[in-house]
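Novice: Structure of the sequence below:
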Amino acid sequence: MLIGEYSTVIGDKNRIAIPKKLRESLTGKVFVTRGYEQCLIMVDTKRWESLIEEINRSPLLSLSVRDTKRFIVGGAVEIEYDSLGRFVIPEGLKGFASISQKIIFLGVGEWIEIWSEERWLDKLNNLTNNVADLAERLSTK
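Specialist: Below is the predicted model of the structure:
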């Protein structure tokens, strides 16, 4: 399972390293794409195929399905990382997530989110201030 919060910085040659604990849970090819709330999503082959299956369960005639495919699949890139887990984030994805120097990797179970530190701290602050409301909404489902 992909869990935990890890802070890192962009290094030489515009590379970042996938934290070892997260990297050890990835198998096969690794994909990075646009995520929600202006973060990036990272998944391995098995999880990518599961995500595509989930999207494909709904009919192509649905605008939501087409837009989701455009957003998630259209923005996806297969990445290659070295033995230390280092890879280069494509410029388009880097710009989408407003990533500059400091980065947060967040394992959230089935995928990894990659956040600019500033955006993550804003999101975490919002979550912290609203955690009781979130719990309440989940308990009524």
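
Novice: rest of the way, CA atoms for contacts and neighbours
Specialist: OK.

Novice: And residue 92, which helix or strand is it part of?
Specialist: Element membership for residue 92 (DSSP states H and E) is helix 91-96.

Novice: by contact count, what packs against that helix?
Specialist: Other elements packing on helix 91-96 under the criterion 3 or more CA pairs under 8 Å, 6 or more residues apart in numbering; DSSP states H and E are strand 30-34.

Novice: Just the mean pLDDT for the helix holding residue 92, thanks.
Specialist: Helix 91-96 shows a mean pLDDT of 95.

Novice: what's next to that helix, contact-wise?
Specialist: Identification of contacts with helix 91-96 by CA atoms under 8 Å, 6 or more residues apart in numbering yields 33, 34, 38, 39, 40, 75, 100.

Novice: okay, now the fourth one: neighbour count?
Specialist: The burial metric for residue 39, expressed as a neighbour count using other CA atoms under 10 Å, is 23.

Novice: for the third one, same thing?
Specialist: Residue 38 is flanked by 19 other residues according to other CA under 10 Å.

Novice: Quick check, it in contact with residue 114.
Specialist: No - using CA atoms under 8 Å, residue 38 makes no contact with residue 114, being 9.3 Å away.

Novice: What's the PyMOL line that selects buried ones from the contacts of helix 91-96?
Specialist: PyMOL command restricting these to the buried ones, with burial defined by 16 or more other CA atoms under 10 Å:
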select buried, resi 33+34+38+39+40
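
Novice: What's the biggest helix in the protein, counting residues?
Specialist: helix 117-139 (DSSP state H).
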